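Enquirer: Test case, fold it:
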Amino acid sequence: MTQTSDILAVLRDVCGQSSKSYPIALHEPDFRGTNAWQYVKDCLDTGWVSTAGQWVSQFEQSLCRFTGAKQAIAVSNGTVALRLSLHVAGVRPGDEVLLPPLSFIATANAVTHLGAVPHFVDIDACSLAMSPSSLAERLDVIGERRDGQIYNRESGRKLSAVLPVHVFGRPALINELQAVSNEWGLPLIEDAAEALGSWVADEHCGLIGSLGILSFNGNKIITTGGGGAVITNNVELANRARHLSTTAKIPHPWDFKHDLVGWNDRLPNLNAALGVAQIEDLDRRLLRKKKLFDKYVNRFASISGVEILSEQPGSTSNHWLVSLRLLADDPSEAAAARLNIIESAHAEGIMLRPVWQLLNQQPMYSDSPHGPLPIAEDQVCRLLNLPSSPQLLESLAK
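Expert: So this is what the prediction gives:
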């Protein structure tokens with residue numbers, strides 16, 4: 001048997017029957033066994049469907065209880081949460097933000113929406129997140145302390161934040177990244193869009209830096225249809241983010257006074273009601289995700305030339321997406337094998353996905369500053385994500 005046929009045999013075993021007419025998706029939402037209908041109906045019955053209502057505050061409180069955050073601000077999507085966090089952390093037009101090239105495009109877009117410039121730093125091959133050593137080396141090359149600020153001596157632009165990503169739910173080496181950021185006096189903002197339920201020791205992802213963000217898109221571990229949140233233990237930053245996210249309106253029973261140029265970012269009550277029902281099911285969902293991950297690990301152990309990516313020691317992943325790495329020596333050989341695997345799986349209705357194209361290779365970011373990116377360039381052609389819906393285990397049990 002070939003490597004492709006071996007991999008397809010494992011996928012059939014783990015994922016069950018599929019076809020082009022009834023494909024197995026990468027990650028499907030799941031509302032069964034939750035209070036979603038009841039909570040959403042309450043919004044419809046009462047008429048509280050927009051950005052005011054009890055479910056918004058309940059959802060924020062639920063996020064705080066689960067993550068341990070002092071503050072959570074529910075917003076309309078993860079990109080908005082990231083843009084809002086970067087702004088309150090001090091990112092301004094013309095600044096540079098240090099981030100990895102391996103991420104969904106929204107990470108770089110949030111920087112660009114503020115008029116700032118993404119500056120790409122290489123990743124760590126194990127976590128797939130920003131490499132602490134690469135960050136330190138890059139800052140040693142370009143960093144210049146001047147007038148109490150850090151500047152890029154090559155571009156002359158101010159460096160205003162470090163923005164690591166917890167990729168596919170696996171925690172970054174965030175404490176090490178925080179140490180480098182602290183050494184240079186740069187705020188660290190965590191893109192934890194994929195990492196609800198992921199921990200570094202006893203701290204939830206998103207709470208080690210100044211601010212963190214979560215996403216509740218339809219394909220995430222819980223969903224509000226569309227939505228995001230800022231989480232933080234810094235009450236001052238949270239208050240500023242909350243104020244700006246509600247058009248910077250000064251609280252008043254009826255008058256419309258605003259003291260800053262804000263945004264209309266808040267999550268509607270209707271979506272928040274769905275989120276409360278989803279987070280009530282999160283612990284059970286995380287257990288099923290771990291069982292699915294363990295099943296993949298067990299089944300792929302006998303196939304040579306591949307490995308399932310796991311979390312780093314001292315961290316706990318939510319296993320949002322299970323990632324397979326092809327270990328061929330030649331990256332181009334790995335890329336060709338990956339394409340063959342994906343095409344063969346799709347022909348059977350199994351929706352594998354490659355990882356994103358590197359951000360610095362996207363046309364709008366091809367001229368963005370970056371240091372050497374050998375690890376990202378090597379890994380991007382080796383990785384693919386496997387169907388990871390927790391309900392796959394239930395369908396197999398029937």
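Enquirer: which residues touch residue 74?
Expert: Residues in contact with residue 74 (CB atoms under 8 Å, 6 or more residues apart in numbering) are 56, 59, 60, 63, 227, 228, 229, 266, 267, 272, 275. In short, each C-beta sits where N, CA and C put it, glycine included.
Enquirer: Are we agreed that the last one is in a helix?
Expert: Yes - counting by DSSP: H, G, I helix; E, B strand; the rest coil, residue 275 is part of a helix.
Enquirer: Could you give the number of residues near it?
Expert: Using other CB atoms under 10 Å, residue 275 is surrounded by 27 other residues.
Enquirer: Please give the element, helix or strand, for residue 176.
Expert: If you go by DSSP states H and E, residue 176 is part of helix 174-184.
Enquirer: any idea how far residue 142 lies from residue 134?
Expert: 12 Å (CB to CB, to the nearest Å).
Enquirer: next one: residue 56
Expert: Residue 56 is 39 Å from residue 134, by CB to CB.
Enquirer: Could you list the buried residues of the helix holding residue 176?
Expert: 174, 176, 177, 178, 180, 181, 184 (16 or more other CB atoms under 10 Å).
Enquirer: same check, this time on stretch 89-103
Expert: By 16+ other CB under 10 Å, the buried positions in stretch 89-103 come out as 89, 91, 95, 96, 97, 98, 99, 100, 101, 102, 103.
Enquirer: And stretch 262-272, by the same measure?
Expert: Within stretch 262-272, the residues scored as buried using 16+ other CB under 10 Å are 263, 265, 266, 267, 268, 269, 270, 271, 272.
Enquirer: Out of those residues, which two sit at the greatest distance?
Expert: Using CB to CB, the two most remote members of the buried residues of stretch 262-272 are 263 and 270, lying 19.5 Å apart.
Enquirer: Which parts of the stretch 51-200 of the chain are strands?
Expert: Counting by DSSP state E, counting those that start in this stretch, the stretch 51-200 of the chain has strands at residues 71-75, 96-99, 117-120, 143-146, 149-152, 159-162, 189-191, 199-200.
Enquirer: Residue 285 is nearest to which of the ones you listed?
Expert: strand 199-200 (15.3 Å).
Enquirer: Pairing partners for the next helix or strand after the closest one, with directions?
Expert: Next helix or strand after strand 199-200 toward the C-terminus (DSSP H and E): strand 203-204. In the sheet, strand 203-204 lines up against strand 199-200 (antiparallel) (DSSP bridges).
Enquirer: Might you quantify the distance of the strand it pairs with from its chain's geometric centre?
Expert: In this view, strand 199-200 has its centroid 14 Å away from the chain centroid, taken as CA atoms, centre = their mean, to the nearest Å.
Enquirer: before we move on, what about stretch 353-365?
Expert: With CA atoms, centre = their mean as the basis, stretch 353-365 stands 16 Å off its chain's centre.
Enquirer: First-to-last residue distance for stretch 130-148?
Expert: With CA to CA, to the nearest Å applied, stretch 130-148 spans 25 Å between its terminal residues.
Enquirer: Kindly report the same for stretch 133-150.
Expert: 18 Å.
Enquirer: Noted, bye for now.
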